[in-house]
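S.K.: Build me a structure from this.
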Amino acid sequence: MKKWFMIFTLIILIVISTKIYFDTNDFIVNKVQYQSDKIPEGNEFTVLQISDLHNKSFEKNNEKLINTAENLSPDIIVITGDLIDRSTDDFTNVFSFIKKIVTINKEIYFVTGNHEWENANTEDFLEGLRERNVKILSNQSTQITAENVTFSLSGIDDASTNHEDITGAFQNVDQDLYTILLSHTPSVTEKYEDIPADLILSGHTHGGQVRLPFIGALVAPDQGFLPKFDKGTFKIGQDQYLYIDSGLGTSVAPIRFLNKSQLSLIKITGSSG
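M.R.: Numbering: from 1, shown residues only. I've put the predicted structure just below:
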């Protein structure tokens, strides 16, 4: 009996270890869709969201990640913070990734996460992104036209480290246009009321990083144990949604479990109201 128990335990450990390895070192594309009567019926545009890479590489020099982004052919790519880790002191890997991804899509937008602000070389890193033609939305907004649809894109610096300026981010935004807010942390929705965005794209939580059946995420930054906002779509107002991407990398512990690394392809379509 003891022998069979040991064999069974070993099998379980192998299965769990294998699952952890693939959840951590491989990724999926999560596809989500939203509708709005601010967009003419029959029109649409796509946004590829990359979040919480934490300086990680998927296969050699992130080739698989780059190829996946290219094959998805999004209208724009947004990076919602923590592209690096607070301890990253060599930006060669992440700058290589950025150089390649800019070649497949010129419309790359970035907002800072807490790890950018907690890194000792924040300004050097941000300047490196600018030099590589990444558009940093630092408490500001822009208008984008894609697939005959014009929409507003606003971005705030990381709110979990108190670098955000909501008022500045939405200054001069046309509220008749569909508006997306990039905010690294989803807690911005609890920090501020009546955020004038139709869709808020966040990361930060890693989806809990480790999840359990029937329980979900165990812990998330800013929220503690059993977080309410872990990953996926949350309706936060009339025709207003928060989407949390669980991200690609890891922090604290280099593992994911029942929570595969991912990037998100978000399609916004028009509706008749």
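
S.K.: Count the neighbours of F27 for me.
M.R.: Neighbour count for F27, taken as other Cβ atoms under 10 Å: 20. Heads up, the C-betas are built off the backbone N, CA and C, glycines and all.

S.K.: N148 versus the residue nearest to the spatial centre of the chain, what's the distance?
M.R.: Among the residues of the chain, the one closest to the centroid is S51, at 3.0 Å (Cα atoms, centre = their mean). From S51 across to N148, the span is 28 Å (Cβ to Cβ, to the nearest Å).

S.K.: Secondary structure element holding Q49?
M.R.: Here Q49 sits within strand 44-50, counting by DSSP states H and E.

S.K.: Point out the other helices and strands that that strand packs with.
M.R.: helix 63-72, strand 76-79, strand 149-155, strand 261-270 (3 or more Cβ pairs under 8 Å, 6 or more residues apart in numbering; DSSP states H and E).

S.K.: Adjacent strands (with direction) for that strand?
M.R.: Here strand 44-50 is paired, per DSSP bridges, with strand 76-79 (parallel), strand 261-270 (antiparallel).

S.K.: Out of those, indicate the one that is most buried.
M.R.: For the strands paired with strand 44-50, the largest average neighbour count (mean count of other Cβ atoms under 10 Å) is found in strand 76-79, namely a mean of 24.

S.K.: Which SSE is immediately downstream of that one?
M.R.: helix 92-104.

S.K.: okay, and for the stretch 151-273 of the chain, where does confidence drop off?
M.R.: Along the stretch 151-273 of the chain, the model assigns pLDDT under 70 to residues 273.

S.K.: Please enumerate the helices of it.
M.R.: 166-169, 188-191 (DSSP state H, counting those that start in this stretch).

S.K.: re the thing from before, and T189, which of the helices and strands packed on strand 44-50 is closest to it?
M.R.: With Cβ to Cβ as the criterion, T189 lies closest to strand 149-155 of the helices and strands packed on strand 44-50, at 14.0 Å.

S.K.: what's the angle from that closest one to strand 44-50?
M.R.: 20 degrees (axes from the mean of the first three to the mean of the last three Cα atoms, to 10 degrees).

S.K.: hey, which helix is longest across this structure?
M.R.: When the chain is parsed with DSSP state H, its longest helix is helix 2-25.

S.K.: if we can go back for a sec, what residues of the strand holding Q49 count as buried?
M.R.: The neighbour-count check on strand 44-50 (16 or more other Cβ atoms under 10 Å) flags 44-50 as buried.

S.K.: The closest residue to K106 other than its chain neighbours: what's it in contact with?
M.R.: The shortest distance from K106 to any non-neighbouring residue, by Cβ to Cβ, 6 or more residues apart in numbering, is to N133 (7.1 Å). Applying Cβ atoms under 8 Å, 6 or more residues apart in numbering to N133 gives the contacts 102, 106, 108.

S.K.: Need the buried ones from these selected in ChimeraX.
M.R.: In ChimeraX syntax, the buried subset of the contacts of N133 is picked out as below (16+ other Cβ under 10 Å):
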select :102,108
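
S.K.: pLDDT and distance to G232 added to the contacts of N133, as a markdown table?
M.R.: Compiled in a markdown table, the contacts of N133 are given as follows (pLDDT from 0 to 100; distance: Cβ to Cβ, whole Å):
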| residue | pLDDT | distance to G232 |
| --- | --- | --- |
| V102 | 97 | 29 |
| K106 | 95 | 30 |
| I108 | 98 | 24 |
